[in-house]
Structure formats: C-alpha cells, structure tokens
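Trainee: Got a sequence here, can you build the structure:
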Amino acid sequence: MRTVLVSTLFLLTSCATQHERLTTGHRYRVFFPAISLAKADGERIESIQITMACGRFRAIGVIPDDWSAEVVSPMSEQTTLKASAGHGSSTLWSMRELDGVVIVSVEDAACFDITATVGTTATEHRYKRSDLILRP
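Mentor: Numbers count the residues shown, from 1 in each chain. Below is the predicted model of the structure:
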C-alpha cells in the first residue's frame, strides 16, 4: 500500500512539474529534419521562416555570415522569425548550420504550435510541429 501511494504521489508530482515547466517559459532549441539537396545542381539553403503560436523567440545563437534575421513581434499570440542569405554566395549547403541555434520558449502549452518553411534555391520545404525537434 505504501509503495502504491508513493508511486502515485511521484506520478502526480512529475505530471504537475512537466505541465508547469511547459507553461512557465521553458526554453527549447529547434532542430530541423534532414533536407536532401540536389547538390549536383547547386541547390542550397537561402532562407528560413519559423512561425509560433503561444511561444516566444528567446535567442539566436548564430546568424550565418551575410545573413539577416528579423523577429516579428507577437500579435494575437503569433510571432515569426525570418532569416535569409544576403547573396547567393552566402547560401548554406546544409541545415546542420542552423540546427539548435534558434531558442524558443513555450508560453502556453495548450495552444503552442510551431511551423517552419525552409527556402532553397530550387524549392520550399514546409514542416509542421511534429516534423521539428525541440530539445531542452
């Protein structure tokens, strides 16, 4: 009986902690899925756009050389980060250069959502929340 009670209390406490952590601005690094670029054709990454609902952009660890980045302030709990290469020579050969450099916080887990669009010199890749990887 005592073991069951202790286990139940632990479970309730960890669920409450998890919920509290998500709703009080816990920070996550954003990682992208692998993108297969047609490198033989010179396809490269030229822009990203990340849009969030019920979250905030907290930091950008690295902005690649000759790239610009802009965060559009939250309106109706939606905010956007836009980043792009200044010239063709500063486009990227891999998304790995941007993995984990964007840090976000979840302001309300009940309505939190995040999407991303990665523009290449040939096409656009769109990702929903389940495609992106968020790591503490």
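Trainee: in the chain, which residue is closest to the centre?
Mentor: Taking Cα atoms, centre = their mean, the centroid of the chain lies closest to Val30, which sits 3.3 Å from it.
Trainee: distance of it from Ser89?
Mentor: To Ser89, Val30 is 26 Å away according to Cβ to Cβ, to the nearest Å. From N, CA and C alone the C-beta is placed, and that goes for glycine too.
Trainee: just to revisit the earlier point, for the residue nearest to the centre of the chain, phi and psi?
Mentor: phi -100, psi 130 (degrees, to the nearest 10).
Trainee: swap in Gly61?
Mentor: Main-chain torsions, Gly61, degrees, to the nearest 10: phi -70, psi -40.
Trainee: Pull the contacting residues for it.
Mentor: Gly100, Val101, Val102, Ile103 (Cβ atoms under 8 Å, 6 or more residues apart in numbering).
Trainee: Correct me if wrong: the residue nearest to the centre of the chain contacts Pro136.
Mentor: No: if you go by Cβ atoms under 8 Å, Val30 and Pro136 don't touch, sitting 11.7 Å apart.
Trainee: list the residues that contact both of these two?
Mentor: Residues touching both Val30 and Pro136 (Cβ under 8 Å, 6+ apart): none.
Trainee: just the helices in this structure please.
Mentor: Using DSSP state H, the helices found in the chain span residues 2-23.
Trainee: where does it dip in pLDDT?
Mentor: Low-confidence segments of the chain (pLDDT under 70): 1-24.
Trainee: show me where it has strands.
Mentor: With DSSP state E, the ranges of strands along the chain come out as 27-31, 45-53, 55-60, 67-75, 78-85, 102-106, 113-120, 124-127, 133-135.
Trainee: for those, which one sits closest to Ser94?
Mentor: strand 45-53 (7.3 Å; Cβ to Cβ).
Trainee: Could you give me the buried positions within stretch 26-34?
Mentor: By neighbour count on 16 or more other Cβ atoms under 10 Å, the buried set for stretch 26-34 is His26, Tyr28, Arg29, Val30, Phe31, Phe32.
Trainee: No further queries at this time; thank you.
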